[in-house]
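3D model of this:
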Amino acid sequence: MVFVLLGCTLDAGRGFGELTQVTLDADLEPGEARDLGDGAILTNLAYEVTPTVATLGLGTVSLLELQGGAGGDSFDPADPPEGYGLCHGGHCHRDDGALVDYADVEAELAGGGASFAAVATIPIGQEVDLLGGASLELVPTDPALPAADVSKLTLGVGTLHIEALVSDGIDGGWPLTVDLALDGDLAVGFDLALDRDHDPVVQLALALQPGGTLLDDLDFAALAVEGAVHIADDADPGAETLAAACLAVEPTFTVDRQPWSD
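Numbers count the residues shown, from 1 in each chain. Next comes the predicted model:
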């Protein structure tokens, strides 16, 4: 992601910035390799899943600044710290296999007492239709932006609801129903300096596009009970796998910055 940041001098009394426009587009995008046509999605276990309903509850978008901490080493993606391997695309590969956002690696290096604090919050509080697609105009809780160095964006997610038909392509098929409470945050590294060296008027465009890998690693034949697959509780077989896949989805974004208008 490339930001064009133009220097300017802020007008007296106007503060350090203003979040004037926030949009969010959400839809399910299987991707060419997984799209079987007619709405069907191919999983990595060769199941064909045809969803008829797919909705996701969205909570709050937060722009976060890392504060506090005892100092420590600076983070350079080209030179990952101990315990991490390749860093690219906003996250690092930890030695235990986890993908960790740049901002969280920075927090770890900052030492004890470091935490993320919200610089701006944008409430959503509604379900979006991932099949039909959704395009939302969002309103920040407070458009005024303080001096800050934002390094992380989170998007709260609630209930995932899916209704689909699953086929193994050979001799069987099962109706699938998912009603899973995720109650977590999707996170992505976010670079936004709010100071007197950058244009203060900020417009943010977000996109949430879960891909065709969302239902990977689910063995639907093994999960089927009395001819159907239900995932509606954290303890249900397959729930942990599906929740982890959902919470690994990263929002994408573009930022536009402009000077104060007269």
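
when you work out contacts or count neighbours from here on, use the C-alpha atoms and nothing else.
Noted.

show me where pLDDT drops low in this protein?
In the predicted model of the chain, residues 1-14, 69-74, 89-90, 111-113, 171, 262 satisfy pLDDT under 70.

let me see the domain layout of it.
Annotated domains of the chain cover 17-68+115-258, 69-113 [automatic domain parsing].

quick one: secondary structure of the residue lying closest to L99 once chain neighbours are set aside?
The spatially closest residue to L99, leaving aside those adjacent along the chain, is H93, at 4.9 Å (Cα to Cα, 6 or more residues apart in numbering). Three-state call for H93 (DSSP: H, G, I helix; E, B strand; the rest coil): strand.

returning to what we had before: same list, the domains of the chain, but as TSV with mean neighbour count please.
Below are the domains of the chain laid out as TSV (neighbours: other Cα atoms under 10 Å):
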stretch	mean neighbour count
domain 17-68+115-258	18
domain 69-113	16
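
on that earlier part again, isn't the residue nearest to L99 up against P81?
No. Counting by Cα atoms under 8 Å, H93 does not reach P81; the two are 10.8 Å apart.

what sits against C92?
By Cα atoms under 8 Å, 6 or more residues apart in numbering, the residues touching C92 are 77, 80, 84-86, 99-102, 105.

what do you get for L214?
Taking Cα under 8 Å, 6+ apart, one finds 242, 245-246 in contact with L214.

between the residues you listed, which is nearest Y47?
Of all the contacts of L214, L242 has the smallest distance to Y47: 14.9 Å, by Cα to Cα.

from L215, how far out is that closest one?
From L242 across to L215, the span is 7 Å (Cα to Cα, to the nearest Å).

can you map out the strands along the stretch 51-200 of the chain?
For the stretch 51-200 of the chain, the strands defined by DSSP state E, counting those that start in this stretch cover 84-88, 91-94, 99-101, 115-129, 134-138, 144-145, 148-167, 173-194.

what lines up beside the longest one in the sheet?
Here strand 173-194 has these sheet partners by DSSP bridges: strand 148-167 (antiparallel), strand 229-231 (parallel).

hmm, who's touching the helix or strand following the shortest one?
The helix or strand immediately downstream of strand 229-231 is helix 239-247, counting by DSSP states H and E. Contacting residues not belonging to helix 239-247 are listed as 180, 182, 184-186, 210, 213-215, 217-218, 231-234 [Cα under 8 Å, 6+ apart].

bridging residues for L145?
Bridge pairing for L145 - DSSP bridges - gives G17.

want to throw the strands paired with strand 173-194 into CSV with distance to T60?
Shown next, in CSV, are the strands paired with strand 173-194 (distance: least, Cα to Cα, whole Å):
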stretch, distance to T60
strand 148-167, 5
strand 229-231, 25
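
who wins for proximity to T121 among these?
Nearest of the strands paired with strand 173-194 (Cα to Cα): strand 148-167, 9.6 Å.
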